[in-house]
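Asker: 3D, please:
(one chain, ligands or ions: 1)
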Amino acid sequence: MKIVIENVGKTFTSAKKEQVTALEDINFSIDEKEFVVLVGPSGCGKSTLLNIVGGLLSPSSGSVYFEGMMDKEPNLAIVFQEIALFPWRTVYQNVIYGLEEKKVSKQELKEKADFYIDMVGLTEFKDAYPKQLSGGMKQRVGIGRALAVEPDLLLMDEPFSALDAQTRTLMQEELLTIWNRTQLSTLYVTHNIQEAVYLADRVIVLSRHPGQIKSIIDIDLPKMGRGEEQYRDKFERYADEIWQLIRNDAVEALKE
Ligand SMILES: Nc1ncnc2c1ncn2[C@@H]1O[C@H](COP(=O)(O)OP(=O)(O)OP(=O)(O)O)[C@@H](O)[C@H]1O
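Answerer: Sure, this is the predicted structure:
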């Protein structure tokens, strides 16, 4: 299975009734088991693009299609920055939410929920309610809920940006461990360059006004352990290359 984003453009009408071109001529693909990160300054259209790929928004031009699905509809799961958990449901009940929609047996539902709750490290908190959880734990519930539906494509929009720096670093490590086990095709949005280099097989750098692809960079570092000392120089070179691509746009974004 491969996700192809072909000539995608998106135009919005602003509050002043002006046409805003958020995205123009976007072409790339996401291979099976590939982790692709979209990075760029504020307002370059990252979220708009993720929402188009996730089917939440329709493009003004171009198309997104899934190759190799036969006639099957693709199964997608999205994790947002602010995870909307049901406060009246426990961790377990939140995780099974997406599965309830699908026709799975009670036994399978329980097995899957337990498996993914364990994967995100929340077995002890299975019966807890969201208000009893820290920010990082809530994000884990959201990730567990997304994984439980075993999606063809996992979409993540700044999932850790509301967390403190230490929790964020730990969650990035955990996400890689989880990814290593599930090998899900993933599209991940961030404005954090270090995070992009840490997680990605490929980084897509967007420019703004209009949002276009400025560069696509293959990260030639081992997926696991790329934060280690021996890779530090190469890691920083990638981060610097991306920053140089984004810098001018980021300065412009600050002025708005
Ligand atoms: N519903 C909308 N109506 C009008 N304009 C919109 C709408 N959604 C997005 N835009 C505009 O499209 C552009 C891209 O927005 P988008 O939120 O996708 O950027 P982003 O890169 O995700 O930004 P950030 O990093 O700040 O979240 C911006 O100029 C934004 O103002």
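
Asker: please count neighbours and contacts with C-alpha atoms only from this point.
Answerer: Will do.

Asker: over to K33. Which of the three states is it?
Answerer: coil (DSSP: H, G, I helix; E, B strand; the rest coil).

Asker: ok, now which ones touch R140?
Answerer: For R140, the contact set (CA atoms under 8 Å, 6 or more residues apart in numbering) comprises 120-122.

Asker: tell me, how many residues neighbour the residue of the stretch 151-256 of the chain found nearest the ligand?
Answerer: Here the residue of the stretch 151-256 of the chain nearest the ligand is H191; by CA to the nearest ligand atom that distance is 6.1 Å. When neighbours are defined as other CA atoms under 10 Å, H191 has 20 of them.

Asker: could you do K16 as well?
Answerer: 6.

Asker: pLDDT wise, what is E18 at?
Answerer: You'll see E18 listed with a pLDDT of 90.

Asker: now E73
Answerer: E73 is given a pLDDT of 86.

Asker: same check, this time on L170
Answerer: 90.

Asker: what distance do you get for it to T177?
Answerer: Distance, L170 to T177, by CA to CA, to the nearest Å: 11 Å.

Asker: isn't the residue of the stretch 151-256 of the chain closest to the ligand right up against P41?
Answerer: Yes: H191 is within contact range of P41, at 6.1 Å (criterion: CA atoms under 8 Å).

Asker: lowest-confidence helix or strand of this structure?
Answerer: Here the helix or strand of the chain ranked lowest by mean pLDDT, DSSP states H and E is helix 97-101, holding a mean of 85.

Asker: tell me the contacts of the residue nearest to D127 when sequence neighbours are not counted?
Answerer: Excluding the flanking residues, the one nearest D127 by CA to CA, 6 or more residues apart in numbering is T90, at 5.2 Å. By CA under 8 Å, 6+ apart, T90 lies in contact with 126-130.

Asker: what is the neighbour count of M224?
Answerer: Other residues within reach of M224, judged by other CA under 10 Å, total 14.

Asker: Three-state assignment for the residue nearest to it when sequence neighbours are not counted, please.
Answerer: Closest residue to M224 in three dimensions, ignoring its sequence neighbours and counting by CA to CA, 6+ apart: L176, at 7.1 Å. Following three-state DSSP, L176 is assigned to helix.

Asker: and what of Y188?
Answerer: strand.

Asker: okay, it: pLDDT?
Answerer: Y188 is given a pLDDT of 97.

Asker: residues in contact with it?
Answerer: 35-38, 155-158.

Asker: now neighbour count and secondary structure too, for these, in JSON lines please.
Answerer: Output for those, formatted as JSON lines (neighbours: other CA atoms under 10 Å; DSSP: H, G, I helix; E, B strand; the rest coil):
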{"residue": "F35", "neighbour count": "23", "secondary structure": "strand"}
{"residue": "V36", "neighbour count": "25", "secondary structure": "strand"}
{"residue": "V37", "neighbour count": "29", "secondary structure": "strand"}
{"residue": "L38", "neighbour count": "26", "secondary structure": "strand"}
{"residue": "L155", "neighbour count": "25", "secondary structure": "strand"}
{"residue": "M156", "neighbour count": "23", "secondary structure": "strand"}
{"residue": "D157", "neighbour count": "21", "secondary structure": "strand"}
{"residue": "E158", "neighbour count": "18", "secondary structure": "coil"}
